[in-house]
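Chemist: Need a 3D model of the sequence below.
(2 chains)
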Amino acid sequence: MAHKSVRLNGAQILWESLVREGVEVLFGITGGKVIPLYHELVHYPIRHVTVRHEQAAAHAADGYARATGKVGVCLATSGPGATNLVTGIANAQMDSVPIVAITGQVSASDLGTDSFQEVDITGITMPVVKHSYLITDVRDLARAVKEAFYIARSGRPGAVLIDIAVDVQRTETEFHYPAEVNLPGYKPHLYGNGRQIKQAAEMINAAKRPLLIAGRGITIAGAERELRELVDKAQIPVVSTLLGKTTLDEAHPLSLGMGGMHGEACTNLAMQSADLIVGIGTRFDDRLTSTAKTFAPLAKVIHIDVDPAEIGKRVRVDLPIVGDALNVLRELVPLVKPASHEEWLARIEEWRGDTRSRDILWRETDELVPQYVVHQIWEATHGEAMMVSDVGQNQMWEAQYYRHRRPKGLITSGGLGTMGFALPASMGVAIGCPDCPVWVVVGDGGFQMTLQELATIVQERLPIKIAILNNGFLGMVRQWQEMFFSGNYCGTPILGPDFAKLAEAYGIWSTTVNDKAQVVDAIAAAQAVDGPALIDFRIEREENVFPIVPVGEPIDKMIRRPVQS
Amino acid sequence: MTVALQGGHYSRRTLVALMEDRPGVLSHVANLFRRRNYNIESLTVGHTETPGISRMTVVVYGDDAVVEQVIKQLYKLINVTKVSDISDDAAVVRELALIKVHAASTNRSEIKQLIDIFRAQIIDVSQESMTVEITGTEDKVESLISMLRPFGIKEMARTGRVAMVRGATTNGSGA
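Modeler: Here you go, the predicted structure:
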């Protein structure tokens, strides 16, 4: 390996640096301005997964990062390769996922001349990255890689881009990998202020109707155990955000599940009735709170987040604590007094009972409803699978009916809401967690956006189980059209191929399910397949997601499924 | 500390930000203002006493919550090392303007008198015009402009504000 006087070219420096950062896998597609990189890659212990479209490379790196907590890496050539990454980069950045995206660039001497496959990718991605580098001098490369990984994974994680001119990749220089980074403008606040933490404990101890809102920041910090300690000690119920669903075992009696626009009624009623809300690692986004002005009118709000800019961005905050969820909770839990909150919990139990009475799962019906499909996948996997959901109705049904037990067990596109995310992301999940069952829950719309990755799944022998909730619509928009746009189904009916036949063409085991009675067997059969499997569930075409809070309404003004007569 | 949100009072704030002088930093900052929909009135950048560090003076109009967000979002940029709101400090604030004013031989002396009152300078003269340089507070610059306008302003360039806290206190990049 490299010692002090070794001379390497840019390509070798990149891989040498990635190995030092612990990178074991990268997702990418080659092209004209990264050939020198690929030429050297074969000499390094890094698995390269050749995807079929660069967007999938970014999503796969994203899925890998969410599932493992490590930095995901993707690579693309200049021009269209780079622009195809943009959706995936934005997706990762929005959900605070640590990825490093590497792109090739035209020679430094050709920059700015509109040469073949030239695009200003650092400019294009500027609003959607945590940081970026354009490398036109090989002597800057090692330092940039070191900084990129540090920035991507520390503080509030995010996406970092390194754009490397092709001549840099071929140019030799002395290789030194820096031991430390020196970034005077970047100092994440990891430890909360002691006085504020003490004050938070006092507020929690005094509260009659406290509620925790658990977000992805807890997952990022690895603070699941500390969250549970807080919950158990002070008997505080927990509403999670979509991305916070795996922060507390959803079989825990105090786990209320996901709150917000499609949260169960008990979660939203709890938010609006609480006298204290402790938001941890959440950005109180609009899908959770609806309009900020009407959110939690009776509550004092404590906001714990590692990103100071999130505090007070959307909702009024009475006590901010800037710090990493793990460090803050470690200091907070010992200061919190044991409590029982019996009256408050009894009230919540009442709301929960009401929720159950409206649940479509318990209705006597032969209809193949998607909720039943998700429920059966949950049963078959005991809540322990790595679930990768797409965006739209399928995502909400997964969130409502799959009660996650495994930390990091739900991988989904939250902030950006990127349809087509699930299938490519699942490749990263399967590679990152080779011993876990991986299920994709996806609609027929999102599936058709990135289904080219079926080939990659087969080539890489990834045993991913794909459940398509196929209703022949872009379903969430269709639901809005039905409920809020006088049933004007413009642009939402979609034709799809016979997905089982399509899978077969790729060499993937598949089946089509039309009847409720076939669901359990189909899932079991897919589980038994040694390799990928696809089930096309032809679900009720116009089934809706309930509850739903219309945009602009307070979060407890839900439209709910009527109680069965 | 309670974080203000809506309904705070609107005001004009002067922020000073120090940043590493790297390619792309300026566009990063400009991009941030556009993306977050902040209302920026002026923005000035230049070198500082420390090589490699640039100083930006930003005048932003917004309520307390917006200004707080601007500061926090600026801090999030990796190459931004320090951000200060100096609006409430005793500060020296200056702006420079170059004004090319229509000046026929008949009103030349009148213009000259005005310029003297404002302690501005004439830095270029031609048959039909004079170019005036003025340095001062925004108010002073505005006043001169309004006095010169009746003569016909042909061209104008203004720098926007630069600011510095009075006395020995610094917002500087040095130790």
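
Chemist: Next, the closest residue to residue A:126 other than its chain neighbours: secondary structure please.
Modeler: Of all residues not flanking residue A:126 in the chain, residue B:31 sits nearest, at 5.0 Å (Cβ to Cβ, 6 or more residues apart in numbering or on different chains). C-beta: built from backbone N, CA, C; applies to glycine. With DSSP: H, G, I helix; E, B strand; the rest coil as the basis, residue B:31 sits in helix.

Chemist: Would you mind measuring from residue B:31 to residue A:125?
Modeler: Residue B:31 sits at a distance of 11 Å from residue A:125 (criterion: Cβ to Cβ, to the nearest Å).

Chemist: higher neighbour count, the two?
Modeler: A direct count of neighbours by other Cβ atoms under 10 Å in any protein chain shown for residue B:31 and residue A:125 places residue A:125 higher, at 23 against 15.

Chemist: what does the stretch 201-350 of chain A have sitting close to chain B?
Modeler: Contact residues, the stretch 201-350 of chain A versus chain B (Cβ under 8 Å from any Cβ of the partner chain): A:292-293, A:307-309, A:311-313, A:315-318, A:320.

Chemist: how about a cut-off of 7 Å?
Modeler: For the stretch 201-350 of chain A, the contact set with chain B under Cβ under 7 Å from any Cβ of the partner chain comprises A:308, A:309, A:311, A:312, A:313, A:316, A:317, A:318, A:320.

Chemist: just checking, the last one is part of a strand?
Modeler: Yes: residue state for residue A:320 (three-state DSSP) corresponds to a strand.

Chemist: which residues does the residue nearest to it when sequence neighbours are not counted contact?
Modeler: Once flanking residues are discounted, residue A:320 sits nearest to residue A:311: 4.3 Å by Cβ to Cβ, 6+ apart. Taking Cβ atoms under 7 Å, 6 or more residues apart in numbering or on different chains, we find residue A:311 in contact with A:303, A:305, A:317, A:320, A:322, B:3.

Chemist: any chance of those residues in TSV, plus pLDDT, neighbour count and distance to residue A:226?
Modeler: Listed next are the contacts of residue A:311 as TSV, based on pLDDT from 0 to 100; neighbours: other Cβ atoms under 10 Å in any protein chain shown; distance: Cβ to Cβ, whole Å:
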residue	pLDDT	neighbour count	distance to residue A:226
A:303	98	27	17
A:305	98	28	15
A:317	96	24	21
A:320	98	22	19
A:322	98	21	17
B:3	42	18	25
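
Chemist: where do the strands sit along the stretch 201-350 of chain A?
Modeler: In the stretch 201-350 of chain A, strands defined by DSSP state E, counting those that start in this stretch lie at A:210-214, A:238-240, A:255-258, A:276-280, A:300-305, A:319-322, listed in chain order.

Chemist: Adding distance to residue A:533, write these out as CSV.
Modeler: Converted to CSV, the strands of the stretch 201-350 of chain A look like this (distance: least, Cβ to Cβ, whole Å):
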stretch, distance to residue A:533
strand A:210-214, 33
strand A:238-240, 29
strand A:255-258, 27
strand A:276-280, 37
strand A:300-305, 40
strand A:319-322, 46
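
Chemist: Enumerate every residue touching residue A:448.
Modeler: Taking Cβ under 7 Å, 6+ apart as the contact definition, residue A:448 lies against residue A:496.

Chemist: Show me what stretch A:125-140 is in contact with.
Modeler: Residues contacting stretch A:125-140 (Cβ under 7 Å, 6+ apart): A:10, A:13, A:86, A:89-90, A:93, A:105, A:108, A:122, A:141, A:144, A:148, A:151-152, A:158-165, A:168, A:171, A:173, B:27-28, B:31, B:35, B:78.

Chemist: so how far is chain B from the closest residue to residue A:280 other than its chain neighbours?
Modeler: Once flanking residues are discounted, residue A:280 sits nearest to residue A:304: 4.7 Å by Cβ to Cβ, 6+ apart. Applying Cβ to the nearest Cβ, to the nearest Å, the value for residue A:304 to chain B is 13 Å.

Chemist: For residue A:304, list the residues it contacts.
Modeler: Residue A:304 makes contact with A:192, A:279, A:280, A:281, A:321, A:323, A:325, A:328, according to Cβ under 7 Å, 6+ apart.
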